[in-house]
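*Asks:* kindly generate the corresponding structure for this input.
(chains A and B)
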Amino acid sequence: MSLRTYRTFQALILAALGVFFLHKIWSGTLFWYINQRFMALTLIAALGFLALAQSVLQSRRENPDHDHADEHHHHAHAPAFPAWTLVVVALPVLLGVLIPAKPLGSSAIANRGVNTTAPLTAGAAQPARLDIAPTDRTILDWIRAFNYASDPKSLEGQPADVIGFVYHDSRLTGEQFLAGRFTVNCCVADAMAIGVIVQWPDSKGLADNGWVRVRGSVQAAEVDGRPIPLIIAESVDPVSPPEQPYLYP
Amino acid sequence: MSRFGRTILIFALALGAVLAWLALGQLANTGPLTGFVDQLATFTTIFLGIFIEAAPFLLLGTLASGIVEVYVNKDDLARLIPRDPIRGAIVGAVMGVFFPVCECGVVPLTRKLFTKGLPLSAGVAFLLAAPVFNPIVIASTIAAFGVGKILYLRLGLTLVISTLTGLIFSAQRHPEQLLAPSALMPTSDSSLPSSAVLDGAQAGGGGESGGGEGESRPTLRDGIPQVLTVAVDEFFEMGRYLILGALLAALMQVIVPRSALLAVSAGPVISVLALIALAVILSVCSTVDAFIALAFAGTFTTGSITAFLVFGPMVDIKSTLMFLGVFKRRAVVYLILLPLVMTILASVFINLNTTW
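*Replies:* Sure, this is the predicted structure:
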């Protein structure tokens, strides 16, 4: 491959990466991959890719002489830039386009397990978020509230209104299921599943991975000696997946 | 076929074998391929997550590398970095404070510094320590754990381990035995310019490029196109390792049951090994790993948390592959084993000797 062709491919791939990132941001699916606080960085990277693509094209146009001299260099160092480099660097775009995008779901739980108690953040730094109205609390907020409350019993009877995906854990009874969410600190590579136990007579009728809105009242339960919330459901309604599928601790 | 070409072929075959294995397992279990498609989607999501997260940091590193290539010359480095290996290693280890790069960006930058004559001890120490000795990472560690034992242990152990590893590397008198050709300083008797300089202004005739008295520093304005050209080539060279590493990490996440790793949180030795394995598999950026370690703070031993925060930024799947662009394979093995052994020893010592 001549250096000129190589440069053309470089520019194409950089531009494709830039457009790919911009499309992820534009369509909102960026949050299926990373924590929302990295959105600005991703935008900068997208613009950086486009700027680099532009600079490659520019240097091709402005330095026709160089290209001639470079052919010489290129032959001397052909192994440094084999074609597979281009293929590998294009992989994120190729995989992203070929394989339908999907946020993590129950299938990812299988080898992670679900956490019903983990503190997720240092106790001192993040006091229980009791200033949030009970019906506005997410699954994460409820787990935290119980984890840090000095008297979990005091939270009993509060109304809950949460959204999560259905997960049937083998440790639960037939009338219970887990309403789960993934928490993402950085990117989905560090995703952890958390869940609240929901008491619902028709639990068996709910399909794994479907999203539901659970309304009911909260009771205190215990796992390994740690207090956890348990929702006695009054209604469980199927809903469409939220735009931001993960929670950010 | 080149060495890397072979590596890739083996990699592709392994990938295919694992995917086939997953598919067969699913077929046996559930009949239709839905499970496999689910796994494939999960794999792709995790892979893209790691890549999208790392891309801005890699770009930053390649730009820094381009700036070093164009605006920094040998004499500047010789003036700033002590030749003596001990002081060189210490300076290298704390140099990261001035280069806010994490483990993706540090690799191209270190390679470029090597081509400018950075001593081996300083370069190795910089490579290992910069992802921790870095304002952003120190700030995120403080945000997660506060100013206390974990912060001190993380900084202290990183300093000691990276300095010692740098010193051990400096015992090798001939850097060309350890460094990949593209990381070697161009000399006048070799016509090998740094591979990244394919069409920069320095690519005149090869001999003098990258150093020597004849080198003139371009003005800030004139140098920019050249900085960008170097950055593009570095991005492709390092990006391919990053991407292969991210693929491998995503694959490990789909195969290795994480719940098994997290089940052993108490033993003084086994907890350290478990969190080191987790750090390697997760391959997350050092700028945020403190928040992830926080999730284990309640249950895991202090030593194991320290090991996660010290070893993770030095070595993980994606950075290991990127090392191959800077060092020869034998050197990469040492670069992984030395910090690994030291981290395990120190962390187990912490577990056995503290009552915190």
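*Asks:* tell me the domain ranges of chain A?
*Replies:* A:3-98, A:106-247 (automatic domain parsing).
*Asks:* now distance to residue B:165 and mean neighbour count too, for the ones you listed, in JSON lines please.
*Replies:* Every residue, glycine included, has its C-beta placed from N, CA and C. Output for the domains of chain A, formatted as JSON lines (distance: least, Cβ to Cβ, whole Å; neighbours: other Cβ atoms under 10 Å in any protein chain shown):
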{"stretch": "domain A:3-98", "distance to residue B:165": "27", "mean neighbour count": "18"}
{"stretch": "domain A:106-247", "distance to residue B:165": "26", "mean neighbour count": "18"}
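*Asks:* any idea of the pLDDT on residue 144?
*Replies:* Since no chain was named, I'll use chain A. Listed pLDDT for residue A:144 reads 82.
*Asks:* chain B, not that one
*Replies:* Looking at residue B:144, its pLDDT is 77.
*Asks:* can you show me the CA trace of the helix or strand encompassing it as PDB?
*Replies:* Assigned by DSSP states H and E, residue B:144 belongs to helix B:135-145. Only the C-alpha atoms of helix B:135-145 are listed here, as PDB (Å, rounded to 0.1, in the frame of the first residue of the first chain):
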ATOM      1  CA  PRO B 135      -3.400  15.800  39.400                       C
ATOM      2  CA  ILE B 136      -6.700  14.300  38.100                       C
ATOM      3  CA  VAL B 137      -6.100  10.900  39.500                       C
ATOM      4  CA  ILE B 138      -5.000  12.300  42.900                       C
ATOM      5  CA  ALA B 139      -8.100  14.500  43.000                       C
ATOM      6  CA  SER B 140     -10.400  11.600  42.200                       C
ATOM      7  CA  THR B 141      -8.700   9.400  44.900                       C
ATOM      8  CA  ILE B 142      -9.200  12.100  47.400                       C
ATOM      9  CA  ALA B 143     -12.800  12.500  46.300                       C
ATOM     10  CA  ALA B 144     -13.400   8.800  46.800                       C
ATOM     11  CA  PHE B 145     -11.400   8.000  49.900                       C
END
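*Asks:* so what touches it?
*Replies:* With contact meaning Cβ atoms under 8 Å, 6 or more residues apart in numbering or on different chains, helix B:135-145 is reached by A:121-122, A:125, B:97, B:100, B:102, B:131-132, B:150-151, B:154-155, B:286-288, B:290-291, B:293-294, B:297, B:309, B:313.
*Asks:* can you check the distance spanned by stretch B:276-290, start to finish?
*Replies:* Using Cα to Cα, to the nearest Å, one end of stretch B:276-290 lies 14 Å from the other.
*Asks:* so how far is it from its chain's centroid?
*Replies:* Here stretch B:276-290 is found 11 Å from its chain centre; the criterion is Cα atoms, centre = their mean, to the nearest Å.
*Asks:* so who does the residue nearest the centre of chain B touch?
*Replies:* Per Cα atoms, centre = their mean, the C-alpha nearest to the average position across chain B is that of residue B:319, at 3.5 Å. Taking Cβ under 8 Å, 6+ apart, we find residue B:319 in contact with B:103-104, B:107, B:245, B:283.
*Asks:* one step back: now do the helix or strand following the helix holding residue B:144, average pLDDT.
*Replies:* As assigned by DSSP H and E, the chain's next helix or strand after helix B:135-145 is helix B:149-170. For helix B:149-170, the mean pLDDT works out to 94.
*Asks:* can you pull the buried residues of helix B:149-170?
*Replies:* B:150-151, B:153-155, B:157-159, B:161-167, B:169-170 (16 or more other Cβ atoms under 10 Å in any protein chain shown).
*Asks:* quick revisit: tell me, which of the contacts of residue B:319 make contact with chain A?
*Replies:* For chain A, the contacts drawn from the contacts of residue B:319 by Cβ under 8 Å from any Cβ of the partner chain are residue B:283.
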